[in-house]
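J.: Give me a 3D structure for the following:
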Amino acid sequence: MNDVEADPTTLTFTQGGDHVGKIASDLEEAMTVEDMRHLERLEELKRPTFTTAGEDQLATTLASLLVIPWCPWTPNEGPQSRFLLDMGRETLYGGAAGGGKSIAIMMAASQFLHVPGYSALLLRKSYQDLGKPGALMEIAEQWWGGVDGVKFDRQQHTYLFDVPGGGTSRIVFGALDNENDRFKYQGGAYHFVGFDELTQQKERDYRYLFSRVRRKKTGPLADLPIRVRSTANPGGVGHEWVHARFIAAWEAWKKGRGPRPRRNFWPALISDNPMLDQEDYIESLMELDPVTRAQLLRGDWNIRPDGRMFKREWFKPVPRSAIPGNCIWVRFWDTAATDPAPGYDPDWTVGMRIGRDPQGRYWIDDMRRWRVGPNESDVFMKEVALQDTRRVTEAVEQDPGAAGKIAVHHLRVNAFATSQFRAILAAGKSKGRTTTLTAGRKTPLPKILAAGPTASHAQAGDVFYVADGTWDHESMLSEVEIFPDGDHDDIVDALSGAVNLLAKMPMWGLDLDPGNEGFVKENEWRPDAITWSPNMGEGWMGERISSERRAEEIVNRHVDAQVAEAFSMT
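T.: Below is the predicted model:
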């Protein structure tokens with residue numbers, strides 16, 4: 001990195017036109033035509049100016065954006081510079097450790113500090129993370145501590161910059177450590193929101209902060225770009241949603257299998273950071289386990305640690321023609337009825353269709369899921385049930401008490417009036433017991449116990465799924481693989497509900513006698529007292545295993561020692 005003058009009124013680009021020309025060439029494949037028009041002016045302009053960027057909402061010229069006000073350095077060549085020249089609304093930078101992520105997002109937040117009224121917000125998981133050696137607050141102190149015209153409000157965690165010509169700009173540092181911390185920023189308005197280490201965050205917190213980025217329609221701030229910027233390494237509690245939001249579409253585009261994604265991802269490796277002692281850092285990373293080493297050294301987003309209850313490879317892909325013709329079929333619904341909204345990541349309504357053959361093998365051939373309001377969800381469920389026909393038993397779990405009965409009656413009338421329908425009484429409450437498997441993520445024990453038989457069958461090689469592109473089997477595999485550590489478990493709940501019900505059903509289906517009101521009673525079926533046999537091929541009914549013995553077996557087989565310590569079995 002090269003030094004530049006600290007006065008934003010006299011900043012000049014010290015690395016010269018060759019560097020800019022190289023970046024412009026590298027950017028060509030990823031940027032729009034409008035972006036390229038701005039890039040043509042890069043070598044002519046010495047200070048940031050503004051122009052209208054058209055329908056893509058790219059609100060500024062890319063000219064001279066590598067000259068960062070109040071920053072003592074200029075960006076590295078390569079992905080760090082590309083990241084800073086990207087004026088799209090939403091962009092991710094990172095991959096491998098040591099790629100200059102924290103410096104990059106600090107520079108991005110500082111690009112428009114010369115504009116009076118500009119406001120940026122930089123976030124980490126906790127204030128302790130912000131203050132770690134080499135983290136954002138230490139960088140800020142190195143850059144701005146004791147600099148004329150820069151003040152630090154320690155109580156508000158805010159740096160204030162006196163803009164030459166009048167006015168101030170600011171950078172606020174914040175954290176999203178607790179459940180409702182995102183609401184601390186309600187009412188705030190920022191032109192830039194940056195997340196350092198995005199995979200440590202929850203998706204709902206990330207989405208909520210989009211409601212905080214806005215600008216005035218007229219005046220000197222009208223041409224400022226609205227930007228949400230993030231850095232991340234693979235791994236962490238947010239790996240799956242970050243991969244789905246940024247990496248999957250980018251990888252498909254790079255391989256020629258999809259359109260250019262509207263969210264850019266700029267991968268960076270250790271080799272892209274010349275300020276780092278690369279050999280020494282690589283030697284340190286070589287001490288890590290193979291999965292973490294691949295994530296941090298190579299920036300590998302597709303390598304995953306072993307699941308706690310399921311492994312992806314246990315589920316066997318097959319063509320639809322491989323399904324036996326003598327299966328009994330259930331579509332089990334895990335219901336929800338909430339539209340997604342900024343800052344809120346609700347559960348999904350999921351319907352898994354699964355068949356079981358006389359040999360005790362399970363065949364997953366369809367999944368439907370959505371996040372809509374209750375009325376629209378009823379319509380969708382009714383349409384799916386009609387497509388399934390009466391050969392498929394539509395099933396849901398009924399919560400205890402009057403509310404559960406009302407909800408089931410509503411579905412019977414509004415969604416499944418012409419279908420074979422069953423409501424399965426829930427196994428009962430767990431007296432509030434939960435087990436913490438990862439920081440901040442608690443999973444009720446009944447969910448873990450209910451998923452145990454499905455994990456047993458999958459491990460034995462008896463669970464197959466149709467991989468013909470007609471349904472989203474990748475989302476199913478991604479969720480079961482990280483269960484119970486992920487933010488959502490709707491697919492696992494529907495999957496385990498179907499498997500547990502099918503294990504109880506005789507091969508000709510459930511009794512249709514209307515006298516039983518369509519219920520499988522709690523004393524007939526429970527996830528922790530299920531009719532089960534270790535070898536389903538030798539008489540699928542098997543022996544009834546007691547509730548205590550079966551629960552203990554599931555915990556010992558599928559839940560790590562941390563779960564086993566959370567409760568005692570008698």
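J.: any idea of the pLDDT on the nearest residue to Cys327 once chain neighbours are set aside?
T.: The spatially closest residue to Cys327, leaving aside those adjacent along the chain, is Gly355, at 3.3 Å (Cβ to Cβ, 6 or more residues apart in numbering). Any C-beta I mention is one placed from the backbone N, CA and C, and that applies to glycine too. Gly355 is assigned a pLDDT of 96 by the prediction.
J.: Surely Gly355 and Gly325 touch.
T.: No. The criterion here is Cβ atoms under 8 Å, and Gly355 misses it with Gly325 at 9.9 Å.
J.: Neighbour count for these two, which is higher?
T.: The residue with more neighbours, out of Gly355 and Gly325 and counting by other Cβ atoms under 10 Å, is Gly355; that gives 22 against 6.
J.: Could you look up the next helix or strand downstream of the helix or strand containing the more buried one?
T.: Element membership of Gly355 [criterion: DSSP states H and E] is strand 349-356. Using DSSP H and E, the next helix or strand after strand 349-356 towards the C-terminus is strand 362-370.
J.: which secondary structure elements does the following helix or strand past that following strand contact?
T.: With elements assigned by DSSP H and E, the helix or strand that comes after strand 362-370 is helix 374-388. Helices and strands touching helix 374-388, as assessed by 3 or more Cβ pairs under 8 Å, 6 or more residues apart in numbering; DSSP states H and E, comprise strand 328-334, strand 349-356, strand 362-370, strand 392-398, helix 401-414.
J.: can you pull out the helices in the stretch 51-200 of the chain?
T.: Counting by DSSP state H, counting those that start in this stretch, the stretch 51-200 of the chain has helices at residues 79-85, 101-110, 127-130, 136-144.
J.: and Arg89, what does it touch?
T.: Applying Cβ atoms under 8 Å, 6 or more residues apart in numbering to Arg89 gives the contacts 57, 225-228.
J.: Gly236 now?
T.: 197, 199-200.
J.: 7 Å - rerun?
T.: Applying Cβ atoms under 7 Å, 6 or more residues apart in numbering, we find Gly236 in contact with 199-200.
J.: sec struct for it, please.
T.: For Gly236, the assignment made with DSSP: H, G, I helix; E, B strand; the rest coil gives coil.
J.: quick revisit: neighbour-wise, which of the contacts of Arg89 leads?
T.: With neighbours taken as other Cβ under 10 Å, the top of these is Arg227, carrying 24 neighbours.
J.: show me what contacts the closest residue in space to it that isn't next to it in sequence?
T.: Excluding the flanking residues, the one nearest Arg227 by Cβ to Cβ, 6+ apart is Phe192, at 5.0 Å. Going by Cβ under 7 Å, 6+ apart, Phe192 touches 109, 120-121, 227, 229.
J.: could you redo the last one with a cut-off of 8 Å?
T.: Taking Cβ under 8 Å, 6+ apart, we find Phe192 in contact with 108-109, 112, 118-121, 213, 226-229.
J.: Could I get the pLDDT score of the closest residue to Leu122 other than its chain neighbours?
T.: Closest residue to Leu122 apart from its sequence neighbours, by Cβ to Cβ, 6+ apart: Gly194 at 4.7 Å. As predicted, Gly194 sits at a pLDDT of 97.
J.: partners of Gly194 in the sheet?
T.: Leu122, Arg229 (DSSP bridges).
J.: That one: neighbour count?
T.: By other Cβ under 10 Å, 26 other residues sit near Gly194.
J.: gap between it and Trp70?
T.: Distance from Gly194 to Trp70, counting by Cβ to Cβ, to the nearest Å: 16 Å.
J.: before we move on, the earlier item: I'd like to know which of the contacts of Arg89 are part of strands.
T.: Using DSSP state E, the members of these that fall in strands are 227-228.
J.: Mind putting the contacts of Arg89 into JSON lines with distance to Gly78?
T.: Output for these, formatted as JSON lines (distance: Cβ to Cβ, whole Å):
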{"residue": "Gln57", "distance to Gly78": "26"}
{"residue": "Pro225", "distance to Gly78": "22"}
{"residue": "Ile226", "distance to Gly78": "26"}
{"residue": "Arg227", "distance to Gly78": "20"}
{"residue": "Val228", "distance to Gly78": "22"}
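J.: still on that earlier bit, and the two most separated of the contacts of Phe192?
T.: By the measure Cβ to Cβ, Tyr118 and Val228 form the most distant pair in these, at 15.3 Å.
J.: Domains in this protein, by residue range?
T.: Following automatic domain parsing, one finds the domains of the chain at 17-298, 312-564.
J.: Which of these has the lowest mean pLDDT?
T.: domain 312-564 - the lowest mean pLDDT of the domains of the chain, at a mean of 73.
J.: any idea which element the nearest residue to Leu285 once chain neighbours are set aside lies in?
T.: Excluding the flanking residues, the one nearest Leu285 by Cβ to Cβ, 6+ apart is Leu297, at 4.8 Å. Leu297 is part of helix 290-298, with elements assigned from DSSP H and E.
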